[in-house]
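Asker: 3D, please:
(one chain, ligands or ions: 2)
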Amino acid sequence: MARETFAFQTEVGRLLDIVAHSLYTHKEIFLRELISNASDACDRLRYAALTDPALTEGEPDFRITLDTDRAARTLSVADNGIGMNHDDLVETLGTIARSGTQGFLAQLTGDAKKDVALIGQFGVGFYSAFMVADTVDVITRRAGEEKAWKWSSDGKGTFSIEEAERAGRGTTVILHLKEGEDEFFEPARLRQIVKTYSDHIGFPIVLLDGKAEDAEAGGETEGEGKSGEQTLNAASSLWTRAKKDITDEQYKEFYHHVGHAFDEPWLVLHNTVEGVVSYTSLLFVPSTAPFDLFDPERKPKVKLYVRRVFITDDCEGLLPSYLRFLRGVVDSEDLPLNISRETFQHDPRLAKMRSGLVKRVLDELARKAENAADYAKFWEAFGAVLKEGIYEDFENRDKLLSLARFHSTAGEELTSLDGYIERMKPGQDAIYTISGSELEALRRSPQLEGFRAKGVEVLLLTDPIDEFWMPSVRTYKEKPFRSAASAGTDLGKIEGGETAAEGEAEAAPPAGVEALAAALKEALGEAVKDVRASKRLTESAVCLVAGEGDLDMHIERLLRQHRQLGAAVPRVLEINPKHPLILSLASLAAAGDGGKEALGEAAFLLLDQARILEGEPVADASAFARRMTAMMERGLAAAPASPAEVAAEPAAEPAAE
Ligand code: ADP
Ligand code: MG
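Answerer: Residues are numbered from 1 along each chain as shown. Ligands and ions are numbered 1, 2, ... in the order given. Okay, the predicted model is just below:
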């Protein structure tokens with residue numbers, strides 16, 4: 001087959017441009033990336049050979065080799081792993097196929113500085129080779145196949161593929177080093193890089209006695225094998241070593257490798273369990289949310305090994321979806337090696353490991369939660385994911401609820417439910433919540449005025465997931481959750497503070513207000529479910545609440561956005577019986593038919609105002625503008641303003657902005 005030329009996927013082109021021109025710090029990480037890929041390739045072949053032993057026949061041991069040739073100015077990284085065929089090459093070394101890439105690419109700004117920081121989080125994997133090389137060749141042969149292939153590129157828009165020769169299976173990546181990158185010919189430097197970044201790799205990483213190796217390096221060979229070969233790493237899987245022999249740096253580098261991650265781990269959990277099922281787990285909680293956290297697949301990412309042999313990184317039964325932010329490995333001593341990945345999912349031993357792992361992780365999170373500031377970092381990144389467990393994992397529901405943190409009206413800090421319960425007021429029997437999409441808007445909600453006046457705390461829920469678990473959970477420590485934006489809320493029983501309806505001997509609203517409510521309902525007709533004097537408002541003239549038994553207003557909005565719900569459900573319009581505007585309108589209503597028309601106009605303006613406060617569009621913008629203009633005209637014409645019209649002004653304010 002003749003030589004073929006391909007263009008890189010557009011995004012790879014952009015990435016390569018940044019890699020070649022802007023990434024100057026820690027260039028040596030290219031070696032970590034290539035070794036990481038080589039190790040993955042060995043893992044994959046070892047797994048494939050479980051069912052097809054012929055694949056590794058004649059060459060059962062895996063290894064990764066580094067070789068230098070100063071005269072040719074090349075450094076090569078070779079493995080005897082799975083290798084790639086023609087189609088593999090086209091698919092993988094020309095595109096960015098990783099999940100979550102879309103999100104990543106969408107965030108690239110074209111501003112080199114910002115993009116470099118972003119790439120730091122995402123990693124560039126194979127393409128990092130172009131930081132130090134002006135040309136990269138990949139000679140590779142897929143295990144079990146005859147043909148070998150050469151992929152070649154200068155990283156400037158295109159790559160080529162042609163047939164090649166290769167003695168055995170696996171992949172050799174040949175870097176033609178740029179001028180000035182000579183340090184990567186030096187054995188001492190290579191050894192240091194491998195020690196720093198790749199010591200944890202479970203396969204030997206061997207430095208060959210290269211053609212152009214420095215003469216003076218000959219003597220200092222610790223791991224010397226046959227003629228001048230040096231093994232540079234400990235070559236035992238990190239998780240099999242004793243905790244005390246592992247440094248934080250080594251844990252971190254292993255996390256980078258196993259998690260394809262580039263941040264600091266927030267939590268490292270290294271554990272061995274011996275018993276009915278025996279396994280070792282080395283799990284990491286990242287410190288930043290990965291790009292694919294909210295992929296619809298919600299797949300856990302932890303790798304399953306069986307007695308040091310990699311089995312899969314796609315094992316659904318191993319961990320629940322709500323722990324999909326975890327990275328790391330679980331290595332089982334008991335599972336059989338020779339069954340298919342699919343069969344694993346149903347093995348009772350897997351379920352046992354799963355419940356042990358979940359318990360371990362949740363217990364550790366509870367311990368970490370004692371440091372509120374540190375835990376808040378975790379919560380901001382992964383809280384929304386962990387909360388999925390509240391309705392998915394019945395067994396651990398209470399634990400998860402106690403791990404959950406919420407924004408609340410009590411302050412800027414996150415609170416736990418236990419903290420909330422401690423602060424509940426005498427006479428308060430429910431945990432009050434309000435849902436919305438923006439925290440700051442929620443804090444200003446008119447529905448909360450009465451709660452504020454009474455000093456009753458309300459949890460502010462902004463994660464869409466809250467709408468799923470809240471209805472199914474109903475209570476925490478026997479305290480029911482209750483929406484603060486629902487008509488049934490009765491603050492009267494709670495001691496302290498005063499809301500609109502209270503104080504004057506719990507008086508019923510002034511008679512005029514009842515009549516006004518009735519008149520407004522008549523004017524608004526089907527647009528509202530009811531109009532009522534409010535017991536919650538202290539400052540605003542009006543607000544909307546959901547009728548008893550109706551959907552929460554925020555959920556309803558979400559459902560309508562997703563077209564799960566057709567027409568809007570009419571709400572209850574609450575009016576503040578102490579507000580000067582409401583009182584003036586009440587006298588207008590009492591004046592009989594004379595004020596009817598003005599009252600009708602005012603009714604719609606009030607409703608529109610309440611909608612605006614909810615962050616919703618007004619029902620009919622042109623009618624709204626017409627009414628408002630008329631109202632303002634009248635107000636200005638009547639200057640000096642009568643008290644009623646002065647009071648009318650604030651009512652129009654939010655819309656005038
Ligand atoms: P990642 O390792 O995160 O998948 P990379 O950019 O490092 O991303 O590598 C891209 C893909 O190229 C790998 O997923 C793998 O399919 C393929 N690949 C890279 N190096 C090798 C190798 N040495 N052997 C086999 N496949 C490889
Ligand atoms: Mg990689």
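Asker: got the contact list for the residue lying closest to E316 once chain neighbours are set aside?
Answerer: In space, E316 comes closest to Q345 once its chain neighbours are excluded; the distance is 5.7 Å by C-beta to C-beta, 6 or more residues apart in numbering. C-betas here are computed from N, CA, C, even on glycine. Neighbour list for Q345: C315, E316, G317 [criterion: C-beta atoms under 8 Å, 6 or more residues apart in numbering].
Asker: which residues touch the closest residue in space to the first one that isn't next to it in sequence?
Answerer: Using C-beta to C-beta, 6+ apart and skipping the chain neighbours, the partner closest in space to C315 is L304 (4.5 Å). The neighbourhood of L304, defined by C-beta under 8 Å, 6+ apart, consists of F310, I311, T312, D313, C315, L318, V329, V330, D331, S332, F344.
Asker: ok so, going back, mind pulling the model confidence for the residue nearest to E316?
Answerer: For Q345, the model assigns a pLDDT of 76.
Asker: And for the one 5 residues further on?
Answerer: The predicted local distance difference test score for L350 is 92.
Asker: That one contacts D334, doesn't it?
Answerer: No. Counting by C-beta atoms under 8 Å, L350 stays clear of D334, with 9.8 Å between them.
Asker: ok, these two, which is more surrounded?
Answerer: Taking other C-beta atoms under 10 Å, L350 and D334 do not tie; L350 has more neighbours (21 against 15).
Asker: Filter the contacts of L304 down to the ones in helices?
Answerer: Using DSSP state H, the members of the contacts of L304 that fall in helices are F344.
Asker: Could you dump the contacts of L304 into CSV with neighbour count and distance to R482 added?
Answerer: Listed next are these as CSV, based on neighbours: other C-beta atoms under 10 Å; distance: C-beta to C-beta, whole Å:
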residue, neighbour count, distance to R482
F310, 21, 50
I311, 25, 47
T312, 18, 45
D313, 18, 43
C315, 20, 40
L318, 25, 38
V329, 23, 44
V330, 27, 41
D331, 23, 47
S332, 24, 46
F344, 21, 44
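Asker: By pLDDT, give me the weakest of the contacts of L304.
Answerer: Within the contacts of L304, pLDDT is lowest for F344, at 76.
Asker: now the residue nearest to E316: how far from ligand 2?
Answerer: According to C-beta to the ion, to the nearest Å, Q345 stands 26 Å off from ligand 2.
Asker: State which one residue of the stretch 101-250 of the chain is found closest to ligand 2.
Answerer: Relative to ligand 2, the nearest point of the stretch 101-250 of the chain is G125 (3.7 Å; C-beta to the ion).
Asker: Quick check: closest non-adjacent residue to that residue.
Answerer: E33 (5.4 Å).
Asker: give me the element that neighbour is part of.
Answerer: Take DSSP states H and E as the rule and E33 turns out to sit in helix 29-51.
Asker: Check whether that helix comes near ligand 1.
Answerer: Yes. Using C-beta under 6 Å from any ligand atom, helix 29-51 reaches ligand 1 at E33, N37, A38, A41.
Asker: Looking at neighbours, which among those residues is most surrounded?
Answerer: Of the residues of helix 29-51 next to ligand 1, with other C-beta under 10 Å as the count, A38 tops at 28 neighbours.
Asker: Would you confirm that it contacts D79?
Answerer: Yes. A38 lies in contact with D79 (C-beta under 8 Å); the separation is 3.6 Å.
Asker: shared neighbours, those two?
Answerer: I64, T171, F203.
Asker: re the thing from before, just the C-alphas of the helix holding E33, formatted as CSV.
Answerer: Extracted in CSV, the C-alpha atoms of helix 29-51 (Å, rounded to 0.1, in the frame of the first residue of the first chain):
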residue,chain,number,x,y,z
ILE,A,29,6.5,15.1,30.9
PHE,A,30,6.3,13.9,27.3
LEU,A,31,8.3,10.9,28.5
ARG,A,32,5.7,10.2,31.2
GLU,A,33,3.0,10.4,28.6
LEU,A,34,4.7,8.0,26.2
ILE,A,35,5.5,5.5,29.0
SER,A,36,2.0,5.8,30.3
ASN,A,37,0.6,4.8,26.8
ALA,A,38,3.2,2.0,26.5
SER,A,39,2.1,0.7,29.9
ASP,A,40,-1.6,0.9,28.9
ALA,A,41,-0.7,-1.0,25.7
CYS,A,42,0.9,-3.8,27.7
ASP,A,43,-2.0,-4.0,30.1
ARG,A,44,-4.4,-4.3,27.2
LEU,A,45,-2.5,-7.1,25.5
ARG,A,46,-2.1,-9.0,28.7
TYR,A,47,-5.8,-8.9,29.1
ALA,A,48,-6.4,-10.0,25.5
ALA,A,49,-4.0,-12.9,26.0
LEU,A,50,-6.1,-14.3,28.8
THR,A,51,-8.6,-15.5,26.2
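Asker: Please identify the buried residues of that helix?
Answerer: 29-50 (16 or more other C-beta atoms under 10 Å).
Asker: Quick check: the residue nearest to the spatial centre of the chain vs ligand 2, distance?
Answerer: In the chain, the C-alpha nearest the mean C-alpha coordinate belongs to L293, at 4.1 Å (C-alpha atoms, centre = their mean). Distance, L293 to ligand 2, by C-beta to the ion: 19 Å.
Asker: could you show me where the strands are in the stretch 451-600 of the chain, in order?
Answerer: 459-461, 475-476, 479-483, 528-533, 542-545, 571-575 (DSSP state E, counting those that start in this stretch).
Asker: Which among the ones you listed is found nearest to ligand 2?
Answerer: The nearest among the strands of the stretch 451-600 of the chain, by C-beta to the ion, is strand 459-461 at 38.6 Å.
Asker: How far away from the center of its chain is that closest one?
Answerer: 19 Å (C-alpha atoms, centre = their mean, to the nearest Å).
Asker: Low-confidence ranges, the stretch 151-300 of the chain, go.
Answerer: 210-227 (pLDDT under 70).
Asker: Residue of the protein nearest ligand 1, please.
Answerer: G125 (2.5 Å; C-beta to the nearest ligand atom).
Asker: Just the pLDDT for that residue.
Answerer: Note on G125: pLDDT of 85.
Asker: Could I get the contacting residues of V361?
Answerer: V361 sits in contact with L269, L283, L323, L326, where contact means C-beta under 8 Å, 6+ apart.
Asker: what about the first one, neighbour count?
Answerer: Applying other C-beta under 10 Å, we find 18 residues neighbouring L269.
Asker: same question, D620
Answerer: Neighbours around D620, by other C-beta under 10 Å: 12.
Asker: measure it to F604 for me?
Answerer: In this view, D620 and F604 are 8 Å apart by C-beta to C-beta, to the nearest Å.
Asker: And for D88?
Answerer: 65 Å.
Asker: what about those two, which has more around it?
Answerer: Using other C-beta under 10 Å, the more surrounded residue of D88 and F604 is F604, with 20 against 16.
Asker: Model confidence at the more buried one, what's the number?
Answerer: For F604, pLDDT reads 93.
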